[in-house]
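*Asks:* Dropping the sequence and predicted coords here.
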Amino acid sequence: MHHWKYLHNFLNQRSAGLMGSLLLFLLAGCEASKSGGDPLLDILDSEDPAISRVMENPGEYEIQIHYTRIDRTGDFTRFMDYTYGVDKDRYFYPASTVKFPIAIAALEKLNSIDSLNRDYRYYIEGDSVENTFAEDIEKIFAVSDNHASNRLIEFLGQDEINTRISAKKAGPIRISHRLGYHREDLTTQPLVLYLNDSLTTLTNPIVNTPPQPLDLAGITKGTGFFEGDSLISKPFNFSLKNYLPVQTMHGLLQRVIFPQTFPPDSRLEISEEQREFLMNTMKTLPRLSGYPQDMYPDGYCKFFIYGDSEATIPDSIEIYNKVGFAYGTLTDCAYIRDTEKGIEFMLTATILVNSDGVFNDDQYEYDETGIPFLASLGRAVYAYEVQQLK
């Protein structure tokens, strides 16, 4: 992920703000549920300043939100969907959320090759870093590791990722580049795969299709951008960058958590054991993966509810998610479950925080506006779900 310094900034905020915000929503009573209104609109009409200051001018922040309530009756699962501003034809930069479909595609490909599994060790030819596929997938979700995601792209190639994910009928996708090094390369680097402790084999490079410019609303943004030290005074063009709309990531998450609610030709092509592995990695916190908690607190990659605090997430709260932030855009896609209260819901949201309109200047309001909005939104939805138990 990018812009590490902003994470250090928002960690200075105290967990008291988290609890105060949650109490505000609980006391409010979420009247929309009593009147039969749209609960998401009621939540966004909140007096919580982290939400209200954004909703005073939601167009400026390019807000898109998809909230799914979940009702289980016996073996039947019913989804109640509420959206705000969701539009697959309105572009936002997905940042590290693209690692979610990349991980899915990697598991599918491993599932299709009898001679491989996720515990095989491998490295990129010419590199000295060895990992297993499982370790790279774990790093993607625990701390959003760019190198881990890029290694999986070398295994798959952009075209195969796009083909596999498009086949799930969740919505459009276009992975065109890596994050960080070798960003624009269309040809993958060969992988050295260990067949046993000493025997290796080399994969062939994969040549991918050049990306075509996207033609979407909002594909150019702002008033300028930096190239090196030079300010270019024209809108920043995202047309050749990755594309993963809210509809697609929300739909993929539903296919991971609730596979049986979809017809067979729309499900992920992974085994039940692989699905359980994926779910476990999606909810695992950095400290449980061996990362120091002072550098990687529980809210590091859990923006909803906990993103603006240093609070330890209780064992009863399970958050299966993937976040991303770059170019002033923050996004989280999550399934959240409280095992003690019996609450569960899905929430995907994205927000742009770039008040000066200039990209690549590292002047984004992540800690002042973006993270507080997503954290408060998560608490508000959770509080609404609590109210429905009464």
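*Replies:* Cool, the structure landed. Numbers count the residues shown, from 1 in each chain.
*Asks:* how many neighbours does residue 111 have?
*Replies:* Residue 111 has 17 neighbouring residues, counting by other C-beta atoms under 10 Å. Quick note: C-beta positions are derived from backbone N, CA and C, even for glycine.
*Asks:* With the one 3 residues further on instead?
*Replies:* Other residues within reach of residue 114, judged by other C-beta under 10 Å, total 6.
*Asks:* what's the distance between it and residue 104?
*Replies:* Remark: distance between residue 114 and residue 104 (C-beta to C-beta, to the nearest Å) = 20 Å.
*Asks:* again with residue 287
*Replies:* Taking C-beta to C-beta, one finds residue 287 at 25 Å from residue 104.
*Asks:* More neighbours: those two, which one.
*Replies:* Neighbours were counted for residue 287 and for residue 104 using other C-beta under 10 Å; residue 104 has more, 24 against 18.
*Asks:* Contacts only, for residue 148.
*Replies:* 99, 131, 135, 136, 137, 139, 140 (C-beta atoms under 8 Å, 6 or more residues apart in numbering).
*Asks:* Do a quick rundown of the strands in the chain.
*Replies:* 64-73, 76-84, 121-124, 131-132, 191-194, 200-202, 220-221, 224-227, 230-232, 236-237, 317-326, 329-338, 343-352, 358-359 (DSSP state E).
*Asks:* Tabulate those in a markdown table, adding columns for mean neighbour count.
*Replies:* As requested, these are exported to a markdown table (neighbours: other C-beta atoms under 10 Å):
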| stretch | mean neighbour count |
| --- | --- |
| strand 64-73 | 18 |
| strand 76-84 | 13 |
| strand 121-124 | 18 |
| strand 131-132 | 18 |
| strand 191-194 | 17 |
| strand 200-202 | 12 |
| strand 220-221 | 17 |
| strand 224-227 | 14 |
| strand 230-232 | 11 |
| strand 236-237 | 18 |
| strand 317-326 | 23 |
| strand 329-338 | 24 |
| strand 343-352 | 24 |
| strand 358-359 | 22 |
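*Asks:* Which among those strands is found nearest to residue 389?
*Replies:* In terms of C-beta to C-beta, the element of these nearest to residue 389 is strand 343-352, at 7.3 Å.
*Asks:* Could you figure out how far that closest one is turned away from strand 317-326?
*Replies:* 10 degrees (axes from the mean of the first three to the mean of the last three C-alpha atoms, to 10 degrees).
*Asks:* The closest residue in space to residue 126 that isn't next to it in sequence and residue 205: what is the separation?
*Replies:* Excluding the flanking residues, the one nearest residue 126 by C-beta to C-beta, 6 or more residues apart in numbering is residue 189, at 7.4 Å. According to C-beta to C-beta, residue 189 and residue 205 sit 7 Å apart.
*Asks:* Give me the more crowded residue out of the two.
*Replies:* Using other C-beta under 10 Å, the more surrounded residue of residue 189 and residue 205 is residue 189, with 18 against 15.
*Asks:* wait, doesn't that one sit right on residue 154?
*Replies:* Yes: judged on C-beta atoms under 8 Å, residue 189 makes contact with residue 154 at a distance of 5.0 Å.
*Asks:* tell me, what's touching these two both at once?
*Replies:* Both residue 189 and residue 154 are contacted by residue 124, under the criterion C-beta under 8 Å, 6+ apart.
*Asks:* how about the helices in the stretch 101-250 of the chain?
*Replies:* 133-143, 146-156, 158-166, 246-257 (DSSP state H, counting those that start in this stretch).
*Asks:* quick one, the longest helix seen in the chain and strand 317-326 angle?
*Replies:* Longest helix in the chain by number of residues (criterion: DSSP state H): helix 371-387. Here helix 371-387 runs at an angle of 150 degrees relative to strand 317-326 (the same axes, to 10 degrees).
*Asks:* Skipping adjacent residues, who's closest to residue 171 in space?
*Replies:* residue 248 (3.5 Å).
*Asks:* This completes my enquiry, with thanks.
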